[in-house]
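Asker: Build me a model from this:
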Amino acid sequence: RDIYLYKAPISEAVPLLIVYDGYEYLNRGKLTTIVDNLIADKRIRPIALAFLQNGKSRRNVEYLCSDATLLWLEREILPLAHEHLRLLDTAQHPGAYGVLGASAGGLMSMYTGLRLPEIFGKVLCQSGVFSLDGRDFAAVDLVRYGHACDIKIWMDAGKLEEDLLEDNRRMAALLREKKYVVTYREFSASHNYTAWRDDIWHGLEEMFPV
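Answerer: Now for the predicted structure:
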């Protein structure tokens, strides 16, 4: 499938942000325009982006806490990104990379950080789906029963998202209880890319300060 890369406008090595549902964030979320403006205004440090397309009808298989997706990320996406972008070495800068997603992609961004904290130490989760039909996904159990990872988490959710809003509040509270570094905010909208587009700058500023 197609992968879209965004190169930071400097020659030095920079952190990478992996973006799940990348085609949507690129076109509907206008993420490159947002990052361009934040870098130009010196509100975030320069970063690179890798926009990953989902598997369409197999999106849930890929995003509901899939280790196969993590293997694809490690074995194919990261080498591809290093080939075309000048990136920080996570062996020297553990946890320097970030991962972003919304809805099921938000769940997968959380799972990625929990499973690969030595690479992805910055998690941006928008309106994450943490349970279905009363059953929590594996990311919730990793927080509930595991040891706190050295990652930084930023979450947002819409005040009009009803059950999903409560799900995010519950997850944010659990993360705090388990001593994770987490910032949680709510916006006055529902479950859509217009809302996520308008709120993501808060998370980018917190995760990638100048």
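Asker: So residue 199 sits against residue 124, correct?
Answerer: No - contact criterion C-beta atoms under 8 Å: residue 199 and residue 124 do not qualify, at 10.4 Å. Where C-beta positions appear, they are placed from N, C-alpha and C, glycine not excepted.
Asker: Comparing those two, which residue is more hemmed in?
Answerer: residue 124 (29 against 19; other C-beta atoms under 10 Å).
Asker: The helix or strand hosting the more buried one: how far from the chain's middle?
Answerer: Assigned by DSSP states H and E, residue 124 belongs to strand 120-126. Centroid separation for strand 120-126 versus its chain: 4 Å, with C-alpha atoms, centre = their mean, to the nearest Å.
Asker: cool, stretch 143-153 as well?
Answerer: The answer for stretch 143-153 is 15 Å, by C-alpha atoms, centre = their mean.
Asker: rewinding a little: partners of the strand holding residue 124, with directions?
Answerer: Strand pairing for strand 120-126, using DSSP bridges, gives strand 97-102 (parallel), strand 152-158 (parallel).
Asker: quick one: residue 132 and residue 208, what's the gap?
Answerer: Distance from residue 132 to residue 208, counting by C-beta to C-beta, to the nearest Å: 31 Å.
Asker: Compare the two (neighbour count), which wins?
Answerer: The neighbour comparison of residue 132 against residue 208 (other C-beta under 10 Å) goes to residue 208, with 22 against 13.
Asker: could you measure the more buried one against residue 31, distance?
Answerer: With C-beta to C-beta as the criterion, residue 208 and residue 31 are 13 Å apart.
Asker: again, but for residue 191
Answerer: From residue 191 to residue 31 the distance is 18 Å (C-beta to C-beta).
Asker: higher neighbour count, these two?
Answerer: residue 31 (25 against 18).
Asker: Could you pull up the residues touching the more buried one?
Answerer: 19, 25, 49, 51, 197, 200 (C-beta atoms under 8 Å, 6 or more residues apart in numbering).
Asker: again, 6 Å this time
Answerer: Residue 31 is in contact with residue 25, counting by C-beta atoms under 6 Å, 6 or more residues apart in numbering.
Asker: Quick check, pLDDT for it.
Answerer: On pLDDT, residue 31 comes in at 98.
Asker: burial of residue 42, as a residue count?
Answerer: 9.
Asker: Look up how far residue 38 lies from the spatially closest residue to it that is not a sequence neighbour.
Answerer: Excluding the flanking residues, the one nearest residue 42 by C-beta to C-beta, 6 or more residues apart in numbering is residue 210, at 5.4 Å. Noted for residue 210: a distance of 10 Å to residue 38, by C-beta to C-beta.
Asker: quick one: which of these two has more around it?
Answerer: Using other C-beta under 10 Å, the more surrounded residue of residue 210 and residue 38 is residue 38, with 20 against 11.
Asker: now whichever strand or helix holds the more buried one, how far from the centre of its chain.
Answerer: Assessed by DSSP H and E, residue 38 sits inside helix 31-40. In terms of C-alpha atoms, centre = their mean, the centre of helix 31-40 is set 17 Å apart from its chain centre.
Asker: now do stretch 196-204
Answerer: 11 Å.
Asker: Flag the shaky bits of this structure, pLDDT-wise.
Answerer: Within the chain, no stretch has pLDDT under 70.
Asker: quick one, which residue of the protein lies the farthest from its center?
Answerer: residue 11 (24.6 Å; C-alpha atoms, centre = their mean).
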